[in-house]
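Q: Compute the structure for the input listed below.
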Amino acid sequence: MSHVFRDWFIATRPWSFTMTFISVSVGSAVAALDGGISWPLYLLALAGTILMHAASNLINDYEDVRSGVDDPHVPTALYRPHPLMEDRLKGLHVRNAAYLCYGIAAVIGIYLTVTRGQFVLWLGIVGILAGITYTTPPLNYKYKALGEISTFLMWGPLMVAGAYYVQRQAVSIDALLVSIPFGALVALVLLANNIRDMAYDHSKGIQTIAVVLGRRRAVWLYLAIIVAAYAFVVAMSVLGPLKAWSLIVLLSAPLAAKLMRQTARDIPLDADVETAKLDTAFGLLLVASLIAGGLA
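A: Coordinates of the predicted model:
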């Protein structure tokens, strides 16, 4: 029985939930600077978004395996387990579990819509549709070089603005600005994955930004976005809306420099994992700086 729980745990890709935790926490921390925070609302928003994230991971794997995009030769399977492709989980069960997670998230979303406002409803609809159509025909926009753009919007402006709205019942330009560097770094996890998988994706007829640009230009884009994310935080710390406290994000710069040097030489097999580690360090320091600024 324990191996069944382990397979389901792995299938949801829980290590990726740190990105959702950070996005919701950034939006909520910006809201706290504008007048306090409701912890129950924060926890509800966090639970709903993590359920949607888990559902999207499940439905995307289901569609990738069903369509033959993921097979035993997919690079991802070389460094992490893939319970569905390895037939340790049944496709129908994975699909149903995804929609169950979406359903529970929808219940939370309906409650927040009733108590906080209709903006939550529209964000929830966009989030669910974006998650389902990511790899599901006929849109399957991940295969049409739109995956990184969607990832940036979901984990950047939409999720951060949504968390802010749940607290303040308003849309904040400050929250939108603060969301940009972290959302861009989350999108880089996918870009790193797609640079590594270029040959495999091309063999499957998949179009990604990496395939469209070519390896050299895709790597330059990856490096440029990392630099831009740090530059944006520095600019916001000097000009607003961030405070000088947010310069502590620069403590993660050595990790970024190491990753940039490694990527410039040769994209590593676990490029997406290493990029996610940078996201986590950057994002947690950003949240800590917002909390410190509020306390100060």
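Q: which other helices and strands contact the helix or strand containing residue 221?
A: Applying DSSP states H and E as the criterion places residue 221 in helix 215-239. If you count contacts as 3 or more Cβ pairs under 8 Å, 6 or more residues apart in numbering; DSSP states H and E, helix 215-239 packs onto helix 173-196, helix 209-213, helix 253-265, helix 271-295. Every C-beta, even on glycine, is put in place using the N, C-alpha and C of the backbone.
Q: List the buried residues for the particular helix or strand that has residue 46 in it?
A: For residue 46, the host element (DSSP H and E) is helix 39-67. Within helix 39-67, the residues scored as buried using 16 or more other Cβ atoms under 10 Å are 41-42, 44-46, 48-66.
Q: Tell me the helices and strands packed up against it.
A: helix 2-11, helix 17-33, helix 91-116, helix 118-133, helix 159-168.
Q: ok, now with 7 Å
A: Under the contact definition 3 or more Cβ pairs under 7 Å, 6 or more residues apart in numbering; DSSP states H and E, helix 39-67 sits against helix 17-33, helix 91-116, helix 118-133, helix 159-168.
Q: now the nearest residue to residue 230 once chain neighbours are set aside: how far from residue 212?
A: Of all residues beyond its chain neighbours, the one nearest residue 230 is residue 253 (6.3 Å), with distances taken as Cβ to Cβ, 6 or more residues apart in numbering. Residue 253 sits at a distance of 30 Å from residue 212 (criterion: Cβ to Cβ, to the nearest Å).
Q: do the same with residue 63
A: Applying Cβ to Cβ, one obtains 21 Å for the distance of residue 63 from residue 212.
Q: And residue 295, by the same measure?
A: Residue 295 is 45 Å from residue 212, by Cβ to Cβ.
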